[in-house]
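In: 3D, please:
(chains A, B, C and D)
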There are 2 protein chains.
Amino acid sequence: MLASDAARLEKQGIRATAQRLAIAEFVLHTDEHPCADEIWDAVRASFPMVSRATVYNTLNLFVDHGLLQALVVTEGRVVFDPNVEKHHHFIDEETGKIFDLPWEALEVGRIDQLQGFDVRDYQVVVRGTKRRRRARK
Amino acid sequence: MLASDAARLEKQGIRATAQRLAIAEFVLHTDEHPCADEIWDAVRASFPMVSRATVYNTLNLFVDHGLLQALVVTEGRVVFDPNVEKHHHFIDEETGKIFDLPWEALEVGRIDQLQGFDVRDYQVVVRGTKRRRRARK
DNA sequence: GTTCGTGCAAACGGTTTGCAACAAT
DNA sequence: ATTGTTGCAAACCGTTTGCACGAAC
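Out: As a prediction, this is how the structure comes out:
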């Protein structure tokens, strides 16, 4: 995955430094919706010489270049989602975990009939609890 | 409206102090989705002796008692909505303004078919721009 | 040698909290 | 007397920024 990460960065005119690749390797391939500090922790585990500022700067850079989507659903922190295609979100209110829901899993009707609004984008935010898988054995 | 505000507070076991009534008078009757500091400013205009801490504490109190809904849709600030019934939201990306959309304006299909999720609540978040009303004259 | 990226520490902005004065019961 | 409420200032926490050093072109 590293090679194609570098290719993706360069395709966006982003110079592929070691720090950025370490960040990309983690954040572009997670489905956990981590926040910046969680990303910092995860990246440092394999690549200790990254500063917090660089992580924040890089994440913003990735968002600006469409490699990452920033999500604001919980108070006080932004989380990042490498899935930049249209999709919905499920938020587990017990754990705080966020799950992607495929776009086709839900259907929103009458969105084109909203009076006086030019719709550019929409998504459903579902809250509840994720059912625990029955015990493994 | 003041009398009924006091009644609503007391029904929730909230003592109706002067500060709380001043806050309630503004925030329970707005459709502007203000943040805490905007509420502080608005309240001080008519009732100068309110501290910021009291505004923050009171808003949280109102949220805890179901008089107010806290909304997290923009980075770095929470906004408050006195409409505590199910409804959707439209966010004007140019102005940042938030508008309530009636629950019946949209219809979400297949929400009951989500596998492995216990849904407690959901709402559609629509982004775009509000069409300007044609000039007044 | 100029531009770009990094790291550090300080600044920032919204929110919470500790504490002392005060009001209500 | 006890309990609840307020105001102030300080603390907090996620994020941004200024600046100096170093790397890449």
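In: top strand in chain A by residue count?
Out: strand A:117-130 (DSSP state E).
In: Give me the pLDDT value at A:L21.
Out: You'll see A:L21 listed with a pLDDT of 96.
In: separation between the residue nearest the centre of chain A and DNA strand C?
Out: Central residue of chain A (CA atoms, centre = their mean): A:D81, 0.8 Å from the mean position. Using CB to the nearest atom of the strand, to the nearest Å, we find A:D81 at a distance of 21 Å from DNA strand C. Heads up, the C-betas are built off the backbone N, CA and C, glycines and all.
In: Contact partners for that residue?
Out: A:33, A:68-71, A:98, A:100 (CB atoms under 8 Å, 6 or more residues apart in numbering or on different chains).
In: For the nearest residue to it once chain neighbours are set aside, give me phi and psi.
Out: Nearest non-adjacent residue to A:D81, counting by CB to CB, 6 or more residues apart in numbering or on different chains: A:Q69, 4.6 Å away. Backbone dihedrals for A:Q69, given as degrees, to the nearest 10, come out at phi -110, psi 130.
In: Please look at A:Q69 and A:L59 and confirm they touch.
Out: No: using CB atoms under 8 Å, A:Q69 makes no contact with A:L59, being 10.9 Å away.
In: who touches both of the two?
Out: Common contact partners of A:Q69 and A:L59 (CB under 8 Å, 6+ apart): A:F80.
In: more neighbours, those two?
Out: Neighbour count, other CB atoms under 10 Å in any protein chain shown: between A:Q69 and A:L59, A:L59 has more, with 22 against 16.
In: What helices and strands are in contact with the helix or strand where that one lies?
Out: If you go by DSSP states H and E, A:L59 is part of helix A:52-64. If you count contacts as 3 or more CB pairs under 8 Å, 6 or more residues apart in numbering or on different chains; DSSP states H and E, helix A:52-64 packs onto helix A:18-27, helix A:36-46, strand A:69-74, strand A:77-81.
In: contacts for that helix?
Out: Identification of contacts with helix A:52-64 by CB under 8 Å, 6+ apart yields A:14, A:19-20, A:23-24, A:27-28, A:36-37, A:39-40, A:43, A:68-70, A:80.
In: Which members of these additionally contact DNA strand D?
Out: With CB under 7 Å from any atom of the strand as the criterion, those include A:36-37 near DNA strand D.
In: Buried subset of the contacts of helix A:52-64, written for PyMOL?
Out: Remark: buried members of the contacts of helix A:52-64, expressed as a PyMOL selection using 16 or more other CB atoms under 10 Å in any protein chain shown:
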select buried, chain A and resi 14+19+20+23+24+27+28+36+39+40+43+68+69+80
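In: List, one by one, the residues from chain A near DNA strand C.
Out: Residues of chain A found near DNA strand C (CB under 7 Å from any atom of the strand) are A:14-15, A:17-20, A:49-54, A:57-58, A:75-76.
In: would CSV of the helices and strands packed on helix A:52-64 with distance to B:D118 be doable?
Out: Formatted as CSV, those follow (distance: least, CB to CB, whole Å):
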stretch, distance to B:D118
helix A:18-27, 29
helix A:36-46, 25
strand A:69-74, 18
strand A:77-81, 22
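In: can you tell which of those is closest to B:E94?
Out: B:E94 lies closest, by CB to CB, to one member of the helices and strands packed on helix A:52-64: strand A:69-74, at 17.6 Å.
In: Check which helices and strands that closest one is in contact with.
Out: helix A:52-64, strand A:77-81, strand A:87-92, strand B:69-74.
In: Give the rounded mean pLDDT of that strand.
Out: Taken as a whole, strand A:69-74 carries a mean pLDDT of 96.
In: phi, psi of the closest residue to A:Q113 other than its chain neighbours?
Out: Spatially, and ignoring its direct neighbours in sequence, A:Q113 is nearest to B:A105 (7.7 Å; CB to CB, 6+ apart). Dihedral pair for B:A105: phi -70, psi -30, per degrees, to the nearest 10.
In: which residues does B:A105 contact?
Out: By CB under 8 Å, 6+ apart, the contact list for B:A105 reads A:110, A:113-114, B:88.
In: now swap in A:E107 and tell me
Out: Per CB under 8 Å, 6+ apart, neighbours of A:E107: B:108-110.
In: Give me the neighbour count for the closest residue to A:D92 other than its chain neighbours.
Out: Using CB to CB, 6+ apart and skipping the chain neighbours, the partner closest in space to A:D92 is A:K130 (4.8 Å). By the criterion of other CB under 10 Å, A:K130 has 16 neighbours.
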